[in-house]
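> Quick check, what structure comes out for this input:
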Amino acid sequence: MSTLTGSCHCGKNAFRIDGEMPAQLTRCTCSFCSKRGALLAYYTPEQFHVTTPKDADAVYRWQTKLVDHHFCAECGVSTYTDSPAFEMDGSWDGSTRRIGVNARLFDDFDAATAPVAVIDGKNLW
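So this is what the prediction gives:
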């Protein structure tokens, strides 16, 4: 198994992922995601590990409060999202969660070469 690492701009929020780069990243068009510009790579909570103290971590929640959008309280960079593992029709089993990591933060990542799928979050959610 490989390991991916990354961090925010100032380095106060860093992480490790036990896994590979997904074959495809996701860009969501919902009102929040379109403004923050992240390319999301999805993992299970067990694969994702924050490797820095959480004192610089901040969280934004809106609407249902089911999704935690993490960002660096120091530099403001969006780091990851902890959310229900929603299906494309909006359904959820009520317990399974997933971590959407901002792939732009991965060490040695080139966004220009990454295959990206677009989710029409503007109309789905």
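> Looking at this structure, which helix is longest?
Longest helix in the chain, counting residues (DSSP state H): helix 31-36.
> Run through who's touching it.
27-28, 40, 62, 69, 78, 121-122 (C-beta atoms under 8 Å, 6 or more residues apart in numbering). Just so you know, the C-beta spots here come from the backbone N, C-alpha and C atoms, and that holds for glycine as well.
> By neighbours, which of the residues you listed wins?
In terms of neighbours by other C-beta atoms under 10 Å, those top out with L40 at 25 neighbours.
> how near is it to A23?
According to C-beta to C-beta, to the nearest Å, L40 and A23 sit 13 Å apart.
> that older thread, among the contacts of helix 31-36, which are located in helices?
Going by DSSP H, the helices hold 121-122 from the contacts of helix 31-36.
> okay, among the contacts of helix 31-36, which ones form the most distant pair?
R27 and W62 (19.2 Å; C-beta to C-beta).
> where along this structure do the helices fall?
Using DSSP H, helices in the chain cover 31-36, 121-124.
> what's the closest of the ones you listed to S7?
Judging the helices of the chain by C-beta to C-beta, what sits closest to S7 is helix 31-36, at 16.8 Å.
> which residues are contacting the one helix or strand in the chain whose mean pLDDT sits lowest?
Lowest by mean pLDDT, DSSP states H and E among the helices and strands of the chain is helix 121-124, with a mean of 71. With C-beta under 8 Å, 6+ apart as the test, helix 121-124 has contacts from 28-31, 33-34, 88, 90.
> ok, now with 6 Å
With C-beta atoms under 6 Å, 6 or more residues apart in numbering as the test, helix 121-124 has contacts from 28-30, 33.
> before we move on, what about stretch 52-62?
12-14, 68-74.
> Give me the pLDDT for A112.
At A112, the pLDDT value in this model is 87.
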